[in-house]
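K.L.:
sequence unknown, structure follows:
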């Protein structure tokens with residue numbers, strides 16, 4: 001009986017050591033898992049913050065894009081108005097150039113008649129003098 005008792009006690013002690021070892025391993029594993037959970041939570045928070053910042057930047061960029069589009073449309077409208085004004089001014093300039101050409105032609109014609117008249121009178125004066 002005593003041999004069996006000693007053998008049973010050794011087996012009980014061996015089982016208790018195994019249980020203590022398994023408990024220690026389990027505690028270390030739980031501790032490591034807890035640290036990993038904390039690390040992942042921190043990483044998740046950082047990613048969430050980054051995502052929020054990117055969304056904010058995207059919204060701000062959208063606002064800037066809309067403002068630029070509005071300014072661009074306004075500038076295009078101004079450009080069209082200036083082009084229209086420019087076309088009207090070109091037409092007016094062309095009309096005035098036509099008037100200037102007609103006036104020059106008229107002036108040359110009057111100058112020729114004046115010179116012819118002057119020549120005739122000069123000739124007549126010469127004839128009358130003689």
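P.N.:
Ah, there it is. Quantities reported herein were computed from a predicted structural model and do not represent experimental measurements.
K.L.:
where do the helices sit along this protein?
P.N.:
Using DSSP state H, the helices of the chain run over 2-129.
K.L.:
which residues of the chain score low on pLDDT?
P.N.:
Counting by pLDDT under 70, the ranges of the chain that qualify are 1.
K.L.:
what residue is smack in the middle of this protein?
P.N.:
By C-alpha atoms, centre = their mean, the mean C-alpha position of the chain lies nearest to residue 65, the distance being 5.8 Å.
K.L.:
need the contact list for it.
P.N.:
With contact set as C-beta atoms under 8 Å, 6 or more residues apart in numbering, residue 65 has no partners. For the C-beta atoms, the positions are set from N, CA and C on the backbone; glycine is no exception.
K.L.:
gap between it and residue 72?
P.N.:
Plainly put, residue 65 is 10 Å away from residue 72 if you go by C-beta to C-beta, to the nearest Å.
K.L.:
Same question for residue 41.
P.N.:
In terms of C-beta to C-beta, residue 41 sits 46 Å off from residue 72.
K.L.:
And for residue 126?
P.N.:
78 Å.
K.L.:
gap between residue 23 and residue 16?
P.N.:
10 Å.
K.L.:
go on, residue 128?
P.N.:
Distance from residue 128 to residue 16, by C-beta to C-beta: 162 Å.
K.L.:
higher neighbour count, these two?
P.N.:
residue 16 (10 against 7; other C-beta atoms under 10 Å).
K.L.:
which residues touch the more buried one?
P.N.:
So residue 16 contacts nothing (C-beta under 8 Å, 6+ apart).
K.L.:
Distance check, it against residue 10.
P.N.:
For residue 16, the distance to residue 10 (C-beta to C-beta) stands at 11 Å.
K.L.:
Check residue 19 too.
P.N.:
From residue 19 to residue 10 the distance is 15 Å (C-beta to C-beta).
K.L.:
now do residue 69
P.N.:
Counting by C-beta to C-beta, the gap from residue 69 to residue 10 is 86 Å.
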